[in-house]
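Trainee: My questions are about this predicted structure, shown below with the sequence.
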Amino acid sequence: MAHRHVTVSAGEKITKGTDGKLNVPDNPIIPYIEGDGTGIDIWKASVRVFDAAVGKVYGGKRRISWMEVYAGEKAFGMFRDSLGERAWLPNETVDAFLEYLVGIKGPLTTPVSGPIRSLNVALRQLLDLYVCLRPVRYFQGVPSPVKRPEDVDVAIFRENCEDLYAGIEWMTGTSDCDRFRRFLLNDMGVDKVRFPESSSFAVKPISREGSQRLIKAAIEYALRNRRKSVTIVHKGNIMKFTDGAFREWGYEVATSLFRQQVVTEREALILDSLDRKPSLSIEEIARLLEPGYDLMSPRQQEAAHNEICSALSLQATHGAGKWKKFLVVRDSVADITFQQVLSRPKEFDVIAAMNLEGDLLSELLAAQVGGIGIAPGANINYETGHAIFEATHGTAPKYANLNKVNPGSVILSGVMMLEYMGWQESADLITRAIDRTIGQKLVTYDFERVMQGATLLTCSGFADALINNMN
Ligand SMILES: NC(=O)C1=CN([C@@H]2O[C@H](COP(=O)(O)OP(=O)(O)OC[C@H]3O[C@@H](n4cnc5c(N)ncnc54)[C@H](OP(=O)(O)O)[C@@H]3O)[C@@H](O)[C@H]2O)C=CC1
Ligand SMILES: O=C(O)CCC(=O)C(=O)O
Ligand SMILES: [Mg+2]
């Protein structure tokens, strides 16, 4: 790769072997983006924590060679593209993440107004990092707005390349928007746009491939980590061919690729009712499954029968209570899900959601365990091995350069990165240090303002406390 601004560090590349596993050398080169706004303070603090943990655990045998790559405001001041225009996301940054496989980044600003599209989303799309994994768990002692934050232990698999985040939209009043409106109204015969002349439009692409690779990854994660359920979140009652299809394709992948390891919630209901009363007829099971069965049309009743027969065909492998050992795959409509992750979080284990709903759900869940100051994330393509780890929060510009905010989210994203690299011991050391430090009530402003008897630390002070607690 021809680098113009990036200085390649001494070290070796992480690669992906033919066996599908990562080959991680003892001195891997890891590209990082510091980030805009608070990113600068957070990165400075976080990198010290990573290096201290790796140094403590491996005593110099292993060491990360950090390689700075540029995006956002920092890149804008440095780079020009081939036409001499300033560049927010230079090619060599994208190339570095492609070449070195695993990287980490701080937050990047996306102004709501103006033409600049999200650099964060662009990176995910350019590297096809189709999974945004956001595990949400509670650290004892963290102040929370709910009564039992310890009940939250959810891994969110958010689809990362499609949905309304694809950025396919047109502003009202532009000629492209006029063309699109005419196409909708004239060619497609759409007559449901309430105010066509003044509407802006967006397109929401949801594909079978995109949905299935995401849901497959969620199921594999759930099986690997012995989780009990995967909940597919959608708004399929309203958006039939996007959200509804996401749900459908999810069940398809669950029951075709993982048949001997999963049971759907409805299959479990059918099998359980028969386990409890083996003499039940198909019609009696149908009445238990569908309380409105007798009011259904003959076609709907036939569909219910077919569903029951298909579940009963699993009796040899799943019947007589065997299904209880299997991973349950179920689905839930988005609006009720937003209530239930708050009121009954224990019922959620792994969630598979489309891009927008996954983004929103991850913040709602993070709020319950102390906020986005400690909510980590990873953008991953499990086929190519490419991964960029990043916090859930943004650049919080009002706190930029104040050495104030919580670096926990980037630090925990780094923990995920170390786990991904197989450097589990160093990941565990950081997690234990976070547990201990919060237990000692040594916290940044976001926790201190709602925590009785806490000591207020700066961003860098929190990193120092973590390093002191690494033993
Ligand atoms: N992946 C990324 O890079 C992301 C980038 N963004 C971008 O960031 C910019 C700002 O977005 P905005 O909507 O204000 O959201 P932010 O997440 O940047 O900030 C919102 C609020 O969250 C709290 N917060 C954020 N980070 C921390 C932290 N590290 N420690 C403690 N509290 C924190 C602060 O709350 P309080 O005021 O209560 O102290 C802050 O005011 C936008 O341009 C947006 O597009 C947004 C999300 C993700
Ligand atoms: O890219 C951005 O500016 C915001 C993206 C975001 O909120 C997210 O991916 O969680
Ligand atoms: Mg977000």
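Mentor: Perfect, thanks for sending it. Numbering: from 1, shown residues only. Ligands and ions are numbered 1, 2, ... in the order given.
Trainee: and the residue nearest to residue 106 when sequence neighbours are not counted, which of the three is it?
Mentor: Taking CB to CB, 6 or more residues apart in numbering, and ignoring the residues beside it in sequence, residue 106 has residue 35 as its nearest neighbour in space, at 2.1 Å. Every residue, glycine included, has its C-beta placed from N, CA and C. When the structure is split into helix, strand and coil by DSSP: H, G, I helix; E, B strand; the rest coil, residue 35 lands in coil.
Trainee: Give the buried residues for the helix ranked longest in the chain.
Mentor: Taking DSSP state H as the criterion, the chain has its longest helix at helix 39-58. Counting neighbours by 16 or more other CB atoms under 10 Å, one finds that the buried residues in helix 39-58 are 39-43, 45-50, 52-57.
Trainee: pLDDT averaged over that helix, what's the number?
Mentor: Helix 39-58 shows a mean pLDDT of 98.
Trainee: How about the contacts made by the residue nearest to residue 106?
Mentor: The contact partners of residue 35, by CB atoms under 8 Å, 6 or more residues apart in numbering, come to 42, 43, 72, 105, 106, 107, 108, 395.
Trainee: The same query, at a cut-off of 6 Å, please.
Mentor: With contact set as CB atoms under 6 Å, 6 or more residues apart in numbering, residue 35 has these partners: 106, 107, 108.
Trainee: per-residue confidence at it?
Mentor: Here the pLDDT value assigned to residue 35 is 96.
Trainee: residue contacts, the residue of the stretch 301-450 of the chain found nearest ligand 1?
Mentor: At 2.2 Å from ligand 1, residue 394 is the closest residue in the stretch 301-450 of the chain, using CB to the nearest ligand atom. Counting by CB under 6 Å, 6+ apart, residue 394 touches residue 107.
Trainee: State the distance from it to ligand 2.
Mentor: 6 Å (CB to the nearest ligand atom, to the nearest Å).
Trainee: residues in contact with the closest residue to residue 421 other than its chain neighbours?
Mentor: With CB to CB, 6+ apart as the measure, residue 24 is the residue that lies nearest to residue 421, at 4.7 Å, once sequence neighbours are left out. Residues in contact with residue 24, defined by CB under 6 Å, 6+ apart, are 14, 421, 422.
Trainee: roughly how far apart are the second one and ligand 2?
Mentor: It refers to residue 421. Counting by CB to the nearest ligand atom, the separation of residue 421 from ligand 2 is 23 Å.
Trainee: Any idea how many residues pack against that residue?
Mentor: Here the count is done by other CB atoms under 10 Å, and residue 421 has 20 residues near it.
Trainee: so how many other residues sit close to residue 28?
Mentor: One way to gauge burial is a neighbour count; for residue 28, by other CB under 10 Å, it gives 25.
Trainee: now residue 252
Mentor: The tally of other residues near residue 252 (other CB under 10 Å) stands at 15.
Trainee: what's the distance between it and residue 260?
Mentor: The spacing between residue 252 and residue 260, counted by CB to CB, to the nearest Å, is 16 Å.
Trainee: Which secondary structure elements does the helix or strand of the chain with the lowest mean pLDDT sit against?
Mentor: Sorted by mean pLDDT, DSSP states H and E, the helices and strands of the chain end with helix 73-76, the least confident at a mean of 90. For helix 73-76, the packing partners by 3 or more CB pairs under 6 Å, 6 or more residues apart in numbering; DSSP states H and E come out as none at all, with no helix or strand in contact.
Trainee: Just give me the closest of the contacts of residue 24 to residue 288.
Mentor: residue 422 (47.4 Å; CB to CB).
Trainee: what are the ranges of the strands in the stretch 301-450 of the chain?
Mentor: Using DSSP state E, counting those that start in this stretch, the strands of the stretch 301-450 of the chain run over 327-333, 350-353, 378-380, 387-390, 442-443.
Trainee: could I get those as a markdown table with distance to ligand 1?
Mentor: Below are these laid out as a markdown table (distance: least, CB to the nearest ligand atom, whole Å):
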| stretch | distance to ligand 1 |
| --- | --- |
| strand 327-333 | 25 |
| strand 350-353 | 16 |
| strand 378-380 | 9 |
| strand 387-390 | 5 |
| strand 442-443 | 10 |
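Trainee: Close to ligand 2: what parts of the stretch 251-400 of the chain are there?
Mentor: With CB under 6 Å from any ligand atom as the criterion, the stretch 251-400 of the chain comes near ligand 2 at residues 359, 392.
Trainee: Would you mind listing what in the stretch 251-400 of the chain touches ligand 1?
Mentor: Remark: the part of the stretch 251-400 of the chain in contact with ligand 1 comprises 372, 373, 390, 393, 394, 395, 396, using CB under 6 Å from any ligand atom.
Trainee: Of the residues you listed - the most surrounded one?
Mentor: Using other CB under 10 Å as the neighbour criterion, residue 390 leads these with 28 neighbours.
Trainee: Tell me who's in contact with that one.
Mentor: Neighbouring residues of residue 390 by CB under 6 Å, 6+ apart: 105, 377, 413.
Trainee: so how far does stretch 378-391 reach from one end to the other?
Mentor: Distance between the two ends of stretch 378-391: 8 Å, counting by CA to CA, to the nearest Å.
Trainee: what do you get for stretch 381-397?
Mentor: Using CA to CA, the end-to-end distance of stretch 381-397 comes to 30 Å.
Trainee: Stretch 437-451 now?
Mentor: 14 Å.
Trainee: Could you do stretch 382-399 as well?
Mentor: Terminal residues of stretch 382-399 lie 35 Å apart, using CA to CA.
Trainee: for stretch 112-128, same thing?
Mentor: Between the opening and closing residues of stretch 112-128 lies a distance of 24 Å (CA to CA).
Trainee: Relative to the whole chain's centre, how far out is it?
Mentor: Relative to the chain's own centre, stretch 112-128 is displaced by 16 Å; criterion: CA atoms, centre = their mean, to the nearest Å.
Trainee: Of the contacts of residue 35, just say which sits nearest to ligand 2.
Mentor: Top of the list for closeness to ligand 2, among the contacts of residue 35 and by CB to the nearest ligand atom, is residue 108 at 6.7 Å.
Trainee: Just the pLDDT for the closest one.
Mentor: Confidence at residue 108, expressed as pLDDT, is 94.
Trainee: follow-up on the earlier one: so which of the contacts of residue 35 also contact ligand 1?
Mentor: When CB under 6 Å from any ligand atom is applied, the members of these adjacent to ligand 1 are 107, 108.
Trainee: any chance of the contacts of residue 35 in JSON lines, plus secondary structure and neighbour count?
Mentor: As requested, the contacts of residue 35 are arranged in JSON lines below (DSSP: H, G, I helix; E, B strand; the rest coil; neighbours: other CB atoms under 10 Å):
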{"residue": "106", "secondary structure": "coil", "neighbour count": "28"}
{"residue": "107", "secondary structure": "coil", "neighbour count": "26"}
{"residue": "108", "secondary structure": "coil", "neighbour count": "27"}
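Trainee: Please consider this matter closed, and thank you.
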